[in-house]
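> Test case, fold it:
(one chain, ligands or ions: 1)
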Amino acid sequence: MLDDVSITIADSFSGESLFTAYSKGTIASYASSFDEANNISELPVPLREPLSAKYKHSFAYVTFKERVPQILSDLIDSLHQQEDRIMEKYGSYAHFELRRIIWSLDILRNEVLENRSFKYFYDKTPDSLEWNSFIKHLTNRERNQWFSAQWLHAECYLYRRIWRAFQRTELLKDFDYFGQRKICATRNYVYLFRAVLRGVSKLKRSRKNFVTMLKLSLWANQCDLSITSDSPSDQILQSLKLYNKHLLVDQSIEVFRLLTRDLHSSVTPAMVDIILDNAGFELFADLLLGVYLIDSRLAVKVRYHVKAIPYYVSDVTANDFNWMLSFLLNSEIPEFAYLGRKLRYFMKHDIFALYETCKFWTRPEGFRCMRQLAPCLYVQLSFSALAIFKGDLNYRKLLDDINWSSTTPFPDCLGGFLPTSVCALRCIKSDLYCGMPNCLVDLLTLENPKWMCTGEKAIIQLAFKKRP
Ligand SMILES: O=P(O)(O)OC[C@H]1O[C@](O)(CO)[C@@H](O)[C@@H]1O
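Model (predicted):
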């Protein structure tokens with residue numbers, strides 16, 4: 001402490017007030033004592049080790065040190081702002097339930113900042129037992145704290161804890177606490193939806209147009225509310241060529257070949273599964289991709305997969321999916337209403353399907369555990385010609401959140417998860433990647449050491465599965 005004060009005084013001659021310099025010194029000393037007390041490592045994440053906040057220079061550390069406390073503070077603020085509307089809808093007793101929820105979220109926020117151990121779930125929800133046996137497994141391996149657990153496990157546990165705070169109430173069990181932000185993420189982008197819809201309507205079947213629709217769905221992934229909130233420009237279609245320089249791996253042509261070859265093979269007509277990520281513009285782009293696949297006869301059916309609970313701030317739930325359909329159908333904008341009628345027709349005739357909500361998508365494990373934990377889902381995906389996984393969180397689950405060598409081929413990182421051919425459309429928002437030359441990673445890191453956490457770069461990767 002004394003050393004910090006002496007540094008502080010020395011710094012103070014650099015124009016900072018003594019108090020500011022002192023408080024910086026105090027913060028620095030607090031941070032270092034936190035790191036020491038919690039065995040935070042200064043080393044880089046070892047290769048083939050899971051990402052974790054126990055590594056100071058990882059995005060996981062920043063996530064629990066800064067991002068998650070902010071996400072929880074923003075959620076508490078949002079609940080305060082919505083209180084009148086919530087009481088109007090659910091009754092005045094909701095006031096007391098909101099108090100209790102906010103108190104729980106505040107406790108959760110402190111648990112993260114103080115690196116407390118994960119708590120068990122004592123609610124009556126169906127997956128509590130599964131979660132508790134998972135937490136017990138982590139406890140046995142001393143990986144049951146925010147800054148010792150695998151990043152993926154801790155972050156998924158966070159959103160299950162938030163959901164539990166609402167499940168303990170009587171009135172607000174079904175309240176989507178991220179819902180307002182997801183609705184705004186649609187209503188604020190109408191100009192963008194309109195520009196894109198004009199640009200893609202009546203696209204004929206061609207390799208070029210397929211690639212355009214796939215890349216539109218990819219770049220729409222930049223719009224999520226837990227890390228980036230800026231929307232792409234309404235010139236996104238025209239600028240796809242400019243975005244190409246940020247596309248680090250592009251297997252879009254192989255994806256097109258897979259679908260066209262599949263249509264000529266003996267297997268049943270092609271069905272495509274899209275495992276969704278964010279509501280708002282990304283969901284809109286994913287619906288347009290599905291429409292293009294059907295209209296161009298690249299698929300005869302598209303199934304969409306959503307989250308069972310409000311997740312990672314902007315992930316799509318069944319309510320969000322249905323809200324988007326009715327938003328378009330009831331719009332006064334003619335082209336939106338036309339698209340809405342088309343989507344209603346597709347849903348009615350099982351050309352589009354909203355896959356039954358499955359808890360597996362909000363479990364903490366990576367996708368290599370699907371065969372064991374959700375065998376029916378694995379079998380269902382195997383009936384498809386292609387499963388498209390959107391976004392960074394799904395990518396982390398495909399790779400089991402392991403720090404692979406950047407040159408390891410994408411198929412080799414899936415741990416045997418290959419129910420059908422798997423395509424990842426991901427804007428890179430976390431420090432894990434694969435299937436890239438070392439020199440590319442070195443160059444990007446030289447340009448911006450944090451390049452992998454901005455969502456500015458992206459990949460389109462494919463793991464091909466030969467169908468019977
Ligand atoms: O919506 P996406 O693409 O899954 O990305 C959002 C997520 O990316 C991360 O920053 C890293 O996975 C998460 O912490 C964040 O919530």
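
> my guess is residue 143 contacts residue 149, does it?
Yes - using CB atoms under 8 Å, residue 143 makes contact with residue 149 at a distance of 4.8 Å. From N, CA and C alone the C-beta is placed, and that goes for glycine too.

> out of those two, which sits in the busier spot?
Neighbours were counted for residue 143 and for residue 149 using other CB atoms under 10 Å; residue 149 has more, 26 against 17.

> which one is residue 464 nearest to, not counting chain neighbours?
Nearest non-adjacent residue to residue 464, counting by CB to CB, 6 or more residues apart in numbering: residue 421, 5.1 Å away.

> Just give me the neighbour total for that neighbour.
23.

> shouldn't it be in contact with residue 382?
No - the pair residue 421 / residue 382 is not scored as a contact, 10.5 Å apart, by CB under 8 Å.

> residues contacting the residue nearest to residue 455 when sequence neighbours are not counted?
In this structure, residue 455 finds its nearest non-sequential neighbour in residue 427, 4.4 Å apart by CB to CB, 6+ apart. Going by CB atoms under 8 Å, 6 or more residues apart in numbering, residue 427 touches 218-219, 221-222, 391-392, 455-458.

> Tell me what residue 427 is bridged to.
Residue 427 has these beta-bridge partners by DSSP bridges: residue 458.

> pLDDT score for it?
Looking at residue 427, its pLDDT stands at 96.

> Quick check: the gap between it and the ligand.
6 Å (CB to the nearest ligand atom, to the nearest Å).

> ok, now residue 456?
Residue 456 is 13 Å from the ligand, by CB to the nearest ligand atom.

> and that residue, how many residues sit next to it?
Residue 456, neighbours per other CB under 10 Å, totals 17.

> and what of residue 357?
15.

> Contact partners for it?
Residues in contact with residue 357 (CB under 8 Å, 6+ apart) are 306-308, 317-318.

> Just the buried subset of those, please.
Applying 16 or more other CB atoms under 10 Å to those, the neighbour count classes 306-308, 317 as buried.

> now, which of those sits nearest residue 174?
For the buried ones among the contacts of residue 357, the closest approach to residue 174 (CB to CB) belongs to residue 317, at 10.5 Å.

> Thought residue 307 was touching the closest one, still the case?
Yes - assessed by CB under 8 Å, residue 317 is found in contact with residue 307 at 5.4 Å.

> circling back to that earlier point, pick the one among the buried ones among the contacts of residue 357 closest to residue 255.
Closest to residue 255, out of all of these and judged by CB to CB, is residue 306, at 22.2 Å.

> Turn the contacts of residue 357 into TSV, including secondary structure and pLDDT.
Putting those into TSV (DSSP: H, G, I helix; E, B strand; the rest coil; pLDDT from 0 to 100) gives the following:
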residue	secondary structure	pLDDT
306	coil	98
307	strand	98
308	coil	98
317	strand	98
318	helix	98
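
> Just the closest of the residues you listed to residue 204, please.
Among the contacts of residue 357, residue 306 lies closest to residue 204 (CB to CB), at 30.2 Å.

> I'd like to know how far the closest one sits from residue 371.
21 Å (CB to CB, to the nearest Å).

> For residue 410, give its distance to the ligand.
Distance from residue 410 to the ligand, by CB to the nearest ligand atom: 17 Å.
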